[in-house]
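J.: Sequence first, predicted model second:
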Amino acid sequence: MIGETLELTVVGVDDIAPSLRHVRLAAADGGQLPPASAGANIQLRLQGEARTWRNAYSLISQPGRRDVYEIIVRRVPESRGGSAFVHEVLKPGDRLVASWPSNLFAPQRTARHHLMIAGGIGITPFLSYVADFAHNGASHALHVCCRESETATFAPWLQDCGDLNYYWDADGHRLDIPALLAQQPAGTHLYVCGPAALNDQVIQAAADAGWPASHVHCEHFGAALSGGTPFTAFLSRSGIEVEVGESESLLEAIERIGASAPCLCRGGACGVCVTGVLEGEPEHRDHYLGADEREGGQLIMPCVSRARSARLVLDL
Amino acid sequence: MMQSQITSRPRYRELVAEDTAGAHLLIVEGDTLTPRQMAALAAAFAPVAERMQTWLVSAPATALAPGRVRKLQTVEEAAATLEHMDEGFGIADRLYLQGTEPFMWMLAAAATRAGLSPTQIRMQHAGSLKRRVWCTHCHQTTENVTTNIATCAGCGRELLVRDHFSRRLGAFMGVMVDAEAPGEVPQREEVFP
């Protein structure tokens, strides 16, 4: 984590759907929290019995609110453990260490219209967007692709949403992405947050339709992508070798042995954890490095990327 | 003078039609129109000719152009028309401009007010290198400057024309040339013919 950390207390835990848990957090000392902007997230350190998870969650609380941070956590069946911990262990009164809020997915203030497409739990950053747009009178539309049973789940946060549309996987209810993107006025900014397949479809459809890339914005969930075949990493500066297991990321393995590694988003988006590769072949899974840097093979984002070779030597 | 060490100096490229699903609008300054240039534009825009229109500004009555053609008398008329189009612009539309820098940037500013993003606008310089100059002292602009030193149309100061460019104003910076040593005005030369 970058910079100072926050000490938080869990003040509310509420299951809003069978796999969705709403968690409310306040400052442990009873004081005010740092203000956060629309689209911001915090990184929580979840201390399990056998291991520690550090997961980033979008804040869904009203932007600028300082008495409470709210998040919604989806329990993922193939979870690496963080979401299961939140659903099974976390209870009111528990203390948590968190990062300060950071924002890699802020709304574009010059937009004339904000067009949001959410997939599943990818709706969370847009809950704070909608509060912001409604407060500022900004033109906006939210298109939500979710389970049919969850169309009412987020209603408490969307009461002020100007143009709200739900889609689910049944005939007549699926989102026609090319049709939605075909007729949007100049000055529109498009935001998508959802599973990788939805993100990729929307970005591709926008490019096919001729949207300038400057008006298309995406937030990925990276954490679920960080597992894979085990490999060995050697940290050349500290002279330590670490085995990276199949269910942990390279960054988590580095943190497990106590080496310090800067990071921010833990999802391959921000670029803070970028590390030099001295030997071995990286398997890039981030959204940060350019094509040239990937081909060069001398940089890696340890929060999501792994190794094609059995061993990686890092400049760390 | 089209290249400069000053990073605010815009760079222009030969126009190429982008095959987007939106509408394509080409606006050409008539003075810069040669038959060879028009043929090059017609070839460049052939792939999108069906979704394209060309506005010719102050062009000869006989001039031809790709797509649906509309003729306008002045750049002011073109800018006003651009800013107040009934149907407005779509996010996939593209605006292509060819002409002198004062011409292109006046239209780019009007298009921006109509909601178009700078990333939807393409420019190819043609014709004179003349500049619009913005005086840092009185904030007035002086048009059609072709010399390294120009007399400000607002305050009458002798201005050194710099390469620093404002996209918002579509103008180059002009600063008083003899501020340090009053009356010492270097030789005036035509450098933006």
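T.: Nice, thanks for sending it over. Residues are numbered from 1 along each chain as shown, chains lettered A, B, ... in the order given.
J.: Local confidence estimate at A:I257?
T.: We note a pLDDT of 88 for A:I257 in this prediction.
J.: ok, so what distance separates it from A:C193?
T.: Distance, A:I257 to A:C193, by Cβ to Cβ, to the nearest Å: 33 Å. C-beta here means a position set from N, CA and C on the backbone, and glycine is covered the same way.
J.: Compare the two (neighbour count), which wins?
T.: A:C193 (27 against 13; other Cβ atoms under 10 Å in any protein chain shown).
J.: Might you report the residue contacts of the closest residue to B:A23 other than its chain neighbours?
T.: Closest residue to B:A23 apart from its sequence neighbours, by Cβ to Cβ, 6 or more residues apart in numbering or on different chains: B:D93 at 4.8 Å. Residues in contact with B:D93 (Cβ atoms under 8 Å, 6 or more residues apart in numbering or on different chains) are A:A186, A:G210, B:T20, B:G22, B:A23, B:H24, B:L25, B:L116, B:Q120.
J.: Mind checking the pLDDT average for stretch B:79-89?
T.: Here the average pLDDT along stretch B:79-89 is 90.
J.: Near chain B, which residues of the stretch 201-316 of chain A? Just list them.
T.: Those residues of the stretch 201-316 of chain A that sit near chain B, judged by Cβ under 8 Å from any Cβ of the partner chain, are A:D208, A:A209, A:G210, A:W211, A:P212, A:A213, A:S214, A:H215.
J.: can we see that at 10 Å?
T.: A:A206, A:A207, A:D208, A:A209, A:G210, A:W211, A:P212, A:A213, A:S214, A:H215, A:V216 (Cβ under 10 Å from any Cβ of the partner chain).
J.: State the phi and psi torsions of the third one.
T.: According to degrees, to the nearest 10, the main-chain angles of A:D208 amount to phi -60, psi -40.
J.: In chain B, which helix is the longest?
T.: The single longest helix within chain B, with elements called by DSSP state H, is helix B:101-113.
J.: before we move on, back to that, quick one: which of the residues of the stretch 201-316 of chain A next to chain B sit in helices?
T.: A:A206, A:A207, A:D208, A:A209.
J.: Could you find the closest non-adjacent residue to A:A138?
T.: A:H114 (6.1 Å).
J.: Could you break chain B into its assigned domains?
T.: B:24-125, B:131-176 (the TED database).
J.: quick one: which of those has the weakest pLDDT on average?
T.: Looking at those, the lowest mean pLDDT belongs to domain B:24-125 (a mean of 91).
J.: How many residues are close by A:L264?
T.: Residues near A:L264, counting by other Cβ under 10 Å: 20.
J.: So it, which state does it fall into?
T.: coil (DSSP: H, G, I helix; E, B strand; the rest coil).
J.: wait, what's in contact with the residue of the stretch 151-300 of chain A found nearest chain B?
T.: Residue nearest to chain B within the stretch 151-300 of chain A: A:G210 (2.2 Å; Cβ to the nearest Cβ). For A:G210, the contact set (Cβ atoms under 10 Å, 6 or more residues apart in numbering or on different chains) comprises A:181-182, B:18-24, B:90-94, B:120.
J.: Quickly note the distance from it to A:L181.
T.: Taking Cβ to Cβ, one finds A:G210 at 9 Å from A:L181.
J.: and the residue of the stretch 1-150 of chain A found nearest chain B, what does it touch?
T.: The stretch 1-150 of chain A approaches chain B most closely through A:R112 (5.6 Å), counting by Cβ to the nearest Cβ. Taking Cβ under 10 Å, 6+ apart, we find A:R112 in contact with A:A138, A:S139, A:P185, A:A186, A:G187, A:T188, A:H189, B:I91, B:G115, B:S117.
J.: quick revisit: in strands, which of the contacts of A:G210 appear?
T.: Of the contacts of A:G210, the ones assigned to strands by DSSP state E are B:H24, B:R94.
J.: pLDDT weak spots in the stretch 151-300 of chain A?
T.: Residue ranges of the stretch 151-300 of chain A with pLDDT under 70: A:222-226.
J.: what's the answer for the stretch 1-150 of chain A, then?
T.: In the stretch 1-150 of chain A, residues with pLDDT under 70: A:1-3, A:78-80.
J.: how about the residues of it that lie near chain B?
T.: So far as Cβ under 10 Å from any Cβ goes, the stretch 1-150 of chain A lies against chain B at A:T110, A:A111, A:R112, A:H113, A:L115.
J.: Thank you, goodbye.
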